[in-house]
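**Student:** I'd like to go over a predicted model; first the sequence, then the structure.
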Amino acid sequence: MVASEQGQTATTAAGLQKLGGSRKPDVNLLLANQAMHSLWMPNHDLEPMWGVTLGLMRDIAPTDALEGMLTAQLVATHNLHMRCHRLAAETESPEKLKDYGNMAAKAGRSFCGLMTTLVRHQRL
């Protein structure tokens with residue numbers, strides 16, 4: 001590897017570490033990909049949303065692999081939560097409205113549990 005490639009590799013690894021918290025770039029890349037693949041928007045270009053997803057992960061700022069996993073789960077759970085709310089708002093069926101509302105509530109509770117776990121871990 002030439003000097004510029006080494007510098008670029010180090011910069012890329014540092015950027016990935018800000019997303020997933022792990023010292024291993026492959027772990028951080030996997031976590032970022034998992035979070036990005038939790039997006040679901042029919043008939044939309046997901047590429048701009050990938051940047052938003054990565055921005056969220058960077059803003060949460062995981063410091064180790066466990067926090068990175070929790071971060072990816074937080075993003076995925078938030079996406080599910082919002083999708084359930086959207087589906088509930090779009091349905092005209094009272095049964096489906098109840099089902100989507102229940103799913104949204106469960107996803108919201110899961111999100112809160114993940115946040116609690118992340119905050120406790122960060123305090124250690």
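**Tutor:** Ah, there it is. Numbering: from 1, shown residues only.
**Student:** Report the distance from stretch 30-47 to the chain centre.
**Tutor:** 9 Å (Cα atoms, centre = their mean, to the nearest Å).
**Student:** meant to ask about stretch 64-75
**Tutor:** With Cα atoms, centre = their mean, you get 7 Å for stretch 64-75.
**Student:** mind saving the C-alpha coords of that stretch as PDB?
**Tutor:** Presented in PDB, the C-alpha positions along stretch 64-75 are these (Å, rounded to 0.1, in the frame of the first residue of the first chain):
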ATOM      1  CA  ASP A  64     -17.900   0.200  21.300                       C
ATOM      2  CA  ALA A  65     -19.400  -2.700  19.400                       C
ATOM      3  CA  LEU A  66     -22.300  -3.200  21.900                       C
ATOM      4  CA  GLU A  67     -23.300   0.500  21.500                       C
ATOM      5  CA  GLY A  68     -23.000   0.000  17.800                       C
ATOM      6  CA  MET A  69     -25.400  -2.900  17.800                       C
ATOM      7  CA  LEU A  70     -27.800  -0.900  20.000                       C
ATOM      8  CA  THR A  71     -27.500   2.000  17.600                       C
ATOM      9  CA  ALA A  72     -28.400  -0.100  14.600                       C
ATOM     10  CA  GLN A  73     -31.300  -1.600  16.500                       C
ATOM     11  CA  LEU A  74     -32.500   1.900  17.500                       C
ATOM     12  CA  VAL A  75     -32.500   3.100  13.900                       C
END
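**Student:** pLDDT on it, on average?
**Tutor:** For stretch 64-75, mean pLDDT rounds to 96.
**Student:** Summarise which helices and strands the host helix or strand of M115 is packed against.
**Tutor:** Assigned by DSSP states H and E, M115 belongs to helix 94-123. Under the contact criterion of 3 or more Cβ pairs under 8 Å, 6 or more residues apart in numbering; DSSP states H and E, helix 94-123 touches helix 65-90. C-beta here means a position set from N, CA and C on the backbone, and glycine is covered the same way.
**Student:** what's the angle from the helix it packs on to helix 94-123?
**Tutor:** Per axes from the mean of the first three to the mean of the last three Cα atoms, to 10 degrees, the angle that helix 65-90 makes with helix 94-123 is 160 degrees.
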